[in-house]
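*Asks:* Predicted model and sequence below, questions to follow.
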Amino acid sequence: MGSGNGANSGIILALAVHPRTWCHICPMGTLGNWVSRGRGSLVIGQGCVSCQACSKVCPMQLEPYRYAARGVMGDNDCIRCSTCVERCPKKALSFDCEGDKKIDSSAA
């Protein structure tokens, strides 16, 4: 048995401990960061009713509604794709942008 078995075991263990282990080494996060330049943090407005629609469409499996009390999502894994902003039925999500402009779902 070669080192392949050890690598496979390591991958399975890592996925069991943290399902998104690969996300910490995947170059997609870096590319996503470059594409999203100019967008700040995801802002969760007071209109959020924690319906969880945002988390159901998030490609990164994040849960923005959990940050409603803070008003800003504190998860660095957000790739700022705006899928959650577009899906929010209450239009409670937006991105802070440079110059205090916002990208929000009401602009669509």
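*Replies:* Looks like it arrived, so ask away. For clarity, every value in this text was computed on a predicted model and none was experimentally measured.

*Asks:* Going by C-alpha atoms from here, please, whenever you check contacts or count neighbours.
*Replies:* OK.

*Asks:* Provide a list of residue ranges in the protein with pLDDT below threshold.
*Replies:* Residues of the chain meeting the criterion pLDDT under 70: 1-4, 6-7, 10-11, 13-15, 18-25, 29-30, 32-39, 97-108.

*Asks:* Span of stretch 77-92 from start to end?
*Replies:* Its start and end residues considered, stretch 77-92 measures 20 Å (C-alpha to C-alpha, to the nearest Å).

*Asks:* buried sites along it?
*Replies:* By 16 or more other C-alpha atoms under 10 Å, the buried positions in stretch 77-92 come out as 78-89, 91-92.

*Asks:* domain ranges for this protein?
*Replies:* The record's domain split for the chain, according to automatic domain parsing, is 1-35, 39-108.

*Asks:* which residues are in contact with stretch 43-60?
*Replies:* If you take C-alpha atoms under 8 Å, 6 or more residues apart in numbering as the criterion, stretch 43-60 is touched by 61-68, 71-73, 77-79, 83-85, 87-96.

*Asks:* how about a cut-off of 6 Å?
*Replies:* The contact list for stretch 43-60 (C-alpha atoms under 6 Å, 6 or more residues apart in numbering) reads L62, E63, Y65, A68, G71, V72, C84, A92, L93, S94, F95.

*Asks:* Which one of those sits in the busiest neighbourhood?
*Replies:* Within the contacts of stretch 43-60, L93 tops the neighbour count with 32 neighbours, counted by other C-alpha atoms under 10 Å.

*Asks:* Having no further points to raise, I will conclude here.
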